[in-house]
Each structure stands twice: as C-alpha cells, then as structure tokens.
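**Student:** Sequence and predicted structure, then a few things I'm wondering about:
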Amino acid sequence: MTRITILLCWLRTILFYMVWILWTFLWCSFVIFAVYFVPKYKRHAFVIRTYCTVSLFFSKTICGITWRVEGEENIPDKPCVVASNHQSPWETFLVQILFTPQSTVIKKELLAIPFFGWAYKKVNPIAIDRKDGRSALQQVIEKGKTALEDKHWVAIFPEGTRKRWPEVGYFTRGTASLATYAGVPVLPVAHNAGRYWPSHKWLKTPGEIVVRIGPAIESKGKEVPELTDEIRDWVVTNKPY
C-alpha cells in the first residue's frame with residue numbers, strides 16, 4: 001500500500017472506532033432498561049443481533065470491509081453447536097447475526113466491560129472462567145445442553161483465543177464434548193476475517209471477508225477426540241485466504 005492509502009486506512013479506522021464506541025454506549029445504555037419489555041426468546045435478536053448488525057454496517061461503510069457468505073444452505077432447521085475459527089471481533093458479530101436466538105460461550109471477563117458487558121448479561125451467555133479448565137468444560141456442557149433444549153444455537157470458538165490470519169490453532173474439546181453430550185451435530189464455519197480486521201493490530205484495511213459454512217458434522221457414535229479432529233480438519237481445509 002502507498003503512504004496515502006495507509007493514511008486513509010488510519011483515518012477510517014479512527015473514525016470507525018469513534019462511531020463504534022458511541023454506538024456501543026448509546027445502544028447498551030438503552031438496552032439495560034428496555035430489555036425487560038422484550039420476551040426472553042426475542043432478547044438475543046433485539047439486543048445482540050441489532051448491535052452486531054449496526055456494528056458491521058459501520059465497518060463496511062467506514063472501513064470498506066465487506067463480506068460474502070458461502071454455504072448458508074447447510075444451516076440446519078434445528079439449532080445445533082456452531083464452531084468457528086477465531087481471528088478478530090468481526091466473526092463474533094457475524095455469527096450472532098446468522099444464528100439467533102443464541103447462547104455464546106464467552107470468557108467471563110467480557111461481562112465486566114462497562115455498558116457492553118452489562119447489556120450482554122441480559123441475554124444469558126455461557127460465561128466461563130478459562131483459568132479453571134475443568135469447571136469451564138462442565139459449564140459448557142451443562143449450560144450448553146440447556147440452551148439447545150431451549151432451541152438456542154450455541155456458538156463456540158474452539159481455539160479459545162484469537163489467532164493471526166491465516167493460522168488455525170489447537171481446538172479445545174468443549175465443542176465436541178457438548179455436541180456428543182447433547183446429541184446434536186456441529187456446524188463448522190471458516191473465514192479469513194483476520195486478513196482485514198486483525199486481532200493483534202489496530203488498523204483495519206478494506207477488502208472482502210469470505211465466510212464458509214460447511215455441512216453439519218454428526219456427533220452421534222463418535223468419541224470427543226475424533227469429533228474435535230474432524231471439526232478442525234474441515235476448518236483447516238476450507239479456510240479462505
């Protein structure tokens with residue numbers, strides 16, 4: 001990129017964060033009180049899906065980050081476990097838009113973020129303490145099964161932390177453990193969001209993010225390690241560049 005292009009990217013990134021932070025403050029402040037008037041089954045769509053839709057609109061119009069989703073026909077009629085690679089905040093937004101109502105497995109520290117965390121609590125995410133691996137896995141299995149029985153999608157980022165594009169990290173066993181315990185399939189998702197919205201850099205660059213949704217992977221009759229490897233293998237094989 002030329003110096004002028006880089007400068008423009010910086011200016012657009014700064015503008016994006018200014019608008020995004022203002023939007024987060026205003027929307028979450030409103031939600032904290034308004035959510036009580038929304039039926040519980042519709043709260044995810046009202047609180048989170050709305051927030052994420054507007055956030056991606058800002059990233060598209062200000063930063064020039066567009067996207068294309070492939071394989072939407074693979075989304076099952078009934079909620080299941082969704083497993084996506086993790087490179088940036090961007091994919092967390094899109095997953096919330098594609099699958100609703102949803103219970104997302106998140107680190108509990110997110111709930112302590114002023115305004116955003118306070119609003120997020122209203123949709124009952126599966127907040128785990130990653131420092132206590134055994135307890136976290138148990139929470140994912142028990143709360144995840146309850147959410148699935150309530151006809152909520154359960155979204156998990158098996159890598160646990162964001163990786164640099166195009167790396168795919170080690171997949172923890174929580175995704176496969178929940179799927180086998182609940183007797184539901186896993187829907188794999190692969191993307192290249194980190195190419196334009198990197199997790200370890202502040203600068204955003206324009207471009208088209210490609211998101212691929214694979215056929216649901218059956219969990220019945222499979223051991224957790226086997227299913228974990230199958231999910232990761234699909235993501236590695238189908239990740240866009």
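**Tutor:** Structure's in. What do you need? Residues are numbered from 1 along each chain as shown.
**Student:** And stretch 9-23, what's buried?
**Tutor:** Neighbour counts over stretch 9-23 (16 or more other C-beta atoms under 10 Å) mark 9, 12, 13, 16, 19, 20 as buried. (Glycine included, C-beta is placed from N, CA and C.)
**Student:** same check, this time on stretch 122-130
**Tutor:** Neighbour-count burial for stretch 122-130, counted by 16+ other C-beta under 10 Å, picks out 122, 123, 124, 125, 126, 127, 128.
**Student:** swap in stretch 210-225?
**Tutor:** Neighbour-count burial for stretch 210-225 flags 210, 211, 212, 213, 214, 216, 217, 219, 222, 224 (criterion: 16+ other C-beta under 10 Å).
**Student:** could you redo the residues you listed as JSON lines and give each row distance to residue 138, secondary structure and pLDDT?
**Tutor:** Below are those laid out as JSON lines (distance: C-beta to C-beta, whole Å; DSSP: H, G, I helix; E, B strand; the rest coil; pLDDT from 0 to 100):
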{"residue": "210", "distance to residue 138": "35", "secondary structure": "strand", "pLDDT": "98"}
{"residue": "211", "distance to residue 138": "31", "secondary structure": "strand", "pLDDT": "98"}
{"residue": "212", "distance to residue 138": "31", "secondary structure": "strand", "pLDDT": "98"}
{"residue": "213", "distance to residue 138": "29", "secondary structure": "strand", "pLDDT": "98"}
{"residue": "214", "distance to residue 138": "28", "secondary structure": "coil", "pLDDT": "98"}
{"residue": "216", "distance to residue 138": "25", "secondary structure": "coil", "pLDDT": "98"}
{"residue": "217", "distance to residue 138": "23", "secondary structure": "strand", "pLDDT": "98"}
{"residue": "219", "distance to residue 138": "18", "secondary structure": "coil", "pLDDT": "97"}
{"residue": "222", "distance to residue 138": "20", "secondary structure": "coil", "pLDDT": "96"}
{"residue": "224", "distance to residue 138": "14", "secondary structure": "helix", "pLDDT": "97"}
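**Student:** for the residues you listed, which one is nearest residue 136?
**Tutor:** residue 224 (15.1 Å; C-beta to C-beta).
**Student:** Next up, the contacts around that closest one.
**Tutor:** If a contact means C-beta atoms under 8 Å, 6 or more residues apart in numbering, then residue 224 has 173, 176, 177, 180 as its contacts.
**Student:** possible to save those residues as a markdown table with neighbour count?
**Tutor:** Supplementary listing: the contacts of residue 224 in a markdown table, determined by neighbours: other C-beta atoms under 10 Å:
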| residue | neighbour count |
| --- | --- |
| 173 | 16 |
| 176 | 28 |
| 177 | 20 |
| 180 | 21 |
